[in-house]
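Asks: quick one: sequence plus predicted model below, questions after.
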Amino acid sequence: MARVLSVDRGFVMLAGLGSAALLLAALGFQYLGGLAPCAMCIWQRWPHAVALGAAALGLSVMPRLAAGLGAAAMLTGAGLALYHVGVEQRWWEGPATCSAGDISGLSAEALMAQIMTAPIVRCDEIAWELAGISMAGWNGLASLALAAVWLISLTGSGRVLRGAQASSSASQ
């Protein structure tokens with residue numbers, strides 16, 4: 001008879017708290033630090049909101065579905081963050097609505113129109129970085145870590161990890 005893996009709700013809570021902390025940090029940078037977000041920064045907040053909803057769902061009903069949803073949300077968030085980092089590093093162009101486009105061949109009037117309709121916060125400029133990694137890069141790394149936490153909760157590996165930890169401390 002196949003063993004059905006149960007969701008480790010402790011890891012569901014940890015993943016939900018991680019997304020809550022990242023959302024609070026983003027809002028803190030915005031409202032306390034004065035760093036207005038670009039459009040792509042706002043996009044990166046949505047997967048964390050979905051993960052928070054998944055955590056609430058996982059702690060109450062449908063924990064397996066919620067853990068899968070949380071993992072998918074964080075992998076999506078990591079993908080959005082990687083895309084944003086690529087735009088910041090000029091590896092590829094970002095959306096026309098928040099990046100500096102190619103201005104060669106534009107008339108003065110067309111260039112002025114592009115400047116006047118450009119958003120205040122551009123996606124291709126790094127507003128903040130730590131250790132050479134932009135906020136989008138840190139969000140991508142954190143999103144990958146949270147995806148791993150969600151996957152641990154989904155597979156029940158958290159119990160195995162805690163069991164190994166308990167047995168190693170008991171043997172010491």
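Replies: Right, received. Where do you want to start? Numbering: from 1, shown residues only.

Asks: pretty sure His84 is touching Ala136, no?
Replies: Yes: using Cβ atoms under 8 Å, His84 is in contact with Ala136, at 3.9 Å. Every residue, glycine included, has its C-beta placed from N, CA and C.

Asks: shared neighbours of the two, which are they?
Replies: Met40, Cys41, Gln44 (Cβ atoms under 8 Å, 6 or more residues apart in numbering).

Asks: can you tell me which of those residues is nearest Ala108?
Replies: In terms of Cβ to Cβ, no member of these lies closer to Ala108 than Met40, at 29.1 Å.

Asks: pLDDT weak spots in the chain?
Replies: Scanning the chain for pLDDT under 70 picks out 1-6, 97, 99-104, 111, 114-120, 157-172.

Asks: now the helices for it?
Replies: 9-31, 39-60, 63-88, 108-117, 135-155, 157-170 (DSSP state H).

Asks: redo those as CSV? Include distance to Cys123 and mean neighbour count.
Replies: CSV is the format used below for these (distance: least, Cβ to Cβ, whole Å; neighbours: other Cβ atoms under 10 Å):
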stretch, distance to Cys123, mean neighbour count
helix 9-31, 15, 18
helix 39-60, 4, 20
helix 63-88, 5, 21
helix 108-117, 15, 10
helix 135-155, 9, 22
helix 157-170, 36, 11
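
Asks: out of those helices, flag the one nearest Glu129.
Replies: helix 135-155 (7.1 Å).
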